[in-house]
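>>> model this:
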Amino acid sequence: MGDHVRYHAPSSDSEPFPFPQMSQADMAKHPLTLGMTSMINSSDVERIAEIQASMLQRFEKTNAKLESFNDISAIKLDTAMKAFGHHTTLLLEAKKDLHSVFRRIRILKEKLSAQYPNGFTGAGQAVVTRDGEKIATDE
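Numbers count the residues shown, from 1 in each chain. The predicted structure follows:
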């Protein structure tokens with residue numbers, strides 16, 4: 001391979017040194033850098049920077065919207081969790097109450113069956129309402 005590097009002359013709409021932080025003397029010390037900078041069209045670089053700035057603004061707006069959505073969602077979640085906790089407590093209390101009621105009913109049944117054994121012989125049969133409608137059976 002050849003040791004020669006071909007340099008392209010800058011086009012009319014590009015600057016020969018688009019990097020102001022480097023002096024012409026520094027550029028001469030680094031022929032590769034000089035060659036690369038001579039290939040860059042400064043109007044293209046400016047257009048890329050404008051596009052990036054536009055995209056940055058869009059991303060910042062999107063990020064702000066997502067942060068707002070997250071804040072609202074956190075508030076809604078907190079409200080729902082409090083309601084869920086309250087409902088859970090309510091259900092647990094209802095469960096305890098029902099267990100207590102059924103335990104009392106069972107105790108009353110046992111006492112009544114011990115006290116009136118003949119009265120409970122047909123208790124396992126169907127329950128009939130006043131209208132003559134059959135409600136439940138223990139079959």
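>>> Please identify the helix or strand for Asp131.
Asp131 belongs to no helix or strand when assigned by DSSP states H and E.
>>> and it, how far is that from Met39?
99 Å (Cβ to Cβ, to the nearest Å). Where you see a C-beta, it was placed from the backbone N, CA and C, and this is true even at glycine.
>>> and these two? which has more neighbours close in?
Remark: of Asp131 and Met39, Met39 carries more neighbours, 12 against 5, as counted by other Cβ atoms under 10 Å.
>>> Look up how far Thr33 lies from that one.
From Met39 to Thr33 the distance is 11 Å (Cβ to Cβ).
>>> Helices of the chain, start to end?
24-29, 31-39, 42-115 (DSSP state H).
>>> any idea which of those is most buried?
helix 31-39 (a mean of 14; mean count of other Cβ atoms under 10 Å).
>>> Let me see the mean pLDDT of it.
Taken as a whole, helix 31-39 carries a mean pLDDT of 75.
>>> Also stretch 106-118?
pLDDT averaged over stretch 106-118 gives 87.
>>> same thing with stretch 44-56?
94.
>>> what's the answer for stretch 73-86, then?
98.
>>> For it, output the C-alpha coordinates as PDB.
Extracted in PDB, the C-alpha atoms of stretch 73-86 (Å, rounded to 0.1, in the frame of the first residue of the first chain):
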ATOM      1  CA  SER A  73     -49.800   7.100  38.000                       C
ATOM      2  CA  ALA A  74     -48.000   7.100  41.300                       C
ATOM      3  CA  ILE A  75     -50.800   9.200  42.900                       C
ATOM      4  CA  LYS A  76     -53.500   6.900  41.400                       C
ATOM      5  CA  LEU A  77     -51.600   3.800  42.600                       C
ATOM      6  CA  ASP A  78     -51.300   5.200  46.100                       C
ATOM      7  CA  THR A  79     -55.000   5.900  46.200                       C
ATOM      8  CA  ALA A  80     -55.800   2.400  44.800                       C
ATOM      9  CA  MET A  81     -53.500   0.800  47.400                       C
ATOM     10  CA  LYS A  82     -55.200   2.600  50.200                       C
ATOM     11  CA  ALA A  83     -58.600   1.600  49.000                       C
ATOM     12  CA  PHE A  84     -57.400  -2.000  48.500                       C
ATOM     13  CA  GLY A  85     -56.000  -2.100  52.000                       C
ATOM     14  CA  HIS A  86     -59.300  -0.700  53.400                       C
END
